[in-house]
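Chemist: attaching a predicted model along with its sequence, questions to come.
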Amino acid sequence: MIRLQRGGPPESLDTPEKEQTLGRHFEQYRSTRPWRAADILAALFLEAHEKCVYCESLLGSIDNMQVDHFIPKNEEPLLAATWNNLNCSCADCNRLKVVGPAYVNPYEDEPAQHFFYSGARLHAITEEGRATLKRLRLGSRLSGKHDVVWEGIVRLVETLHHKLDRVVGGELDEVVKADIWSDAVAIVESGTPEKEFSAVMASQLLQYSEWERAEQVLRHLEVWDDELERLDVLMRLQALPIRRPA
């Protein structure tokens, strides 16, 4: 989970009066789905980087997303069409998010205050973090998918090392430099907001010694430029606190 910024409401919900009218209509006629308006779905999908706000699974298209009501609509029907109560969710997280526990809200809470990363796994710090981790099964349900994405990053780092080994102490022409730079960008981008499981990938990358060694060589060869620095800063903002296994 990463921290998200709530954008301005779409036209369907751009005044409190519209939100209240739709909420009252849902309270009276429970078969309506005002949150399924096309502009609402599009706005939620884009501001969540086309991912589930809880597990960070890429959704692929709006057709695959579900609208989560952070405060359940059956508990507070008047909030059924309130912009700040709507989240972009995958089907699994929306199904598993039962009424009762307090969950971490990525639009209002800092995930780094509720979760940490240790031993290649996600752990919780707070009660909200524990409820979110347990109820949505963010660890057990997704660990296999995390591993697949991480293995792809490891292969990229290994490929980068092979290329760096061939040029250290030798000539670095512009074609080779551009190729190495492209690989480095792909690695750092894996932990940026648009990428799947970015919080977990950023956390793993920052404790991966082979990437640390590669970064040092990239800086030495002056391949590391302003764009890589910008991406690195962005990636580090997504990472969760890291604690070494006991």
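Modeler: That came through fine.

Chemist: can you pull out the helices in the chain?
Modeler: 16-28, 38-47, 91-96, 127-135, 143-167, 174-189, 198-206, 209-220, 226-238 (DSSP state H).

Chemist: so which of the ones you listed gets nearest Q5?
Modeler: helix 38-47 (7.3 Å; C-beta to C-beta). The C-beta positions use only the backbone N, C-alpha and C, and glycine is treated the same way.

Chemist: ok so, going back, out of the helices of the chain, indicate the one that is most buried.
Modeler: helix 198-206 (a mean of 24; mean count of other C-beta atoms under 10 Å).

Chemist: give me the below-cutoff pLDDT ranges for this structure.
Modeler: Applying pLDDT under 70 to the chain flags the ranges 119-120, 168-170, 244-246.

Chemist: relative to S143, how far out is L237?
Modeler: The spacing between L237 and S143, counted by C-beta to C-beta, to the nearest Å, is 24 Å.

Chemist: re earlier: dump the helices of the chain to CSV, plus distance to A80.
Modeler: As requested, the helices of the chain are arranged in CSV below (distance: least, C-beta to C-beta, whole Å):
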stretch, distance to A80
helix 16-28, 4
helix 38-47, 11
helix 91-96, 14
helix 127-135, 21
helix 143-167, 31
helix 174-189, 37
helix 198-206, 29
helix 209-220, 45
helix 226-238, 31
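
Chemist: of these, give the one that comes closest to E56.
Modeler: helix 198-206 (6.2 Å).

Chemist: for the closest one, give me every contacting residue.
Modeler: 1-2, 56, 111, 115, 117, 120, 122, 146, 149-150, 153, 187-188, 190-192, 195, 211, 235-236, 238-240, 242 (C-beta atoms under 8 Å, 6 or more residues apart in numbering).

Chemist: the nearest residue to L160 once chain neighbours are set aside and L58: what is the separation?
Modeler: Among residues not flanking L160 along the chain, D183 sits closest, at 4.6 Å (C-beta to C-beta, 6 or more residues apart in numbering). Distance from D183 to L58, counting by C-beta to C-beta: 22 Å.

Chemist: what's the answer for D14, then?
Modeler: D14 sits 28 Å away from L58, going by C-beta to C-beta.

Chemist: ok so, going back, closest one to V104 among the helices of the chain?
Modeler: helix 127-135 (4.6 Å).

Chemist: ok now that closest one, how far from the chain's centre?
Modeler: 17 Å (C-alpha atoms, centre = their mean, to the nearest Å).

Chemist: ok, and what's touching that helix?
Modeler: 1, 54, 96-98, 101-104, 109, 114-115, 122-124, 138-139.

Chemist: buried stuff in stretch 109-127?
Modeler: Judged by neighbour count using 16 or more other C-beta atoms under 10 Å, the buried positions of stretch 109-127 are D109, P111, A112, H114, F115, F116, Y117, S118, L122, H123, A124, I125.

Chemist: do I have it right that the third one meets R243?
Modeler: So that's A112. No - the pair A112 / R243 is not scored as a contact, 12.0 Å apart, by C-beta atoms under 8 Å.

Chemist: farthest-apart pair in the buried residues of stretch 109-127, please.
Modeler: Once C-beta to C-beta is applied, the buried residues of stretch 109-127 give D109 and S118 as the farthest pair, at 20.1 Å.

Chemist: this completes my enquiry, with thanks.
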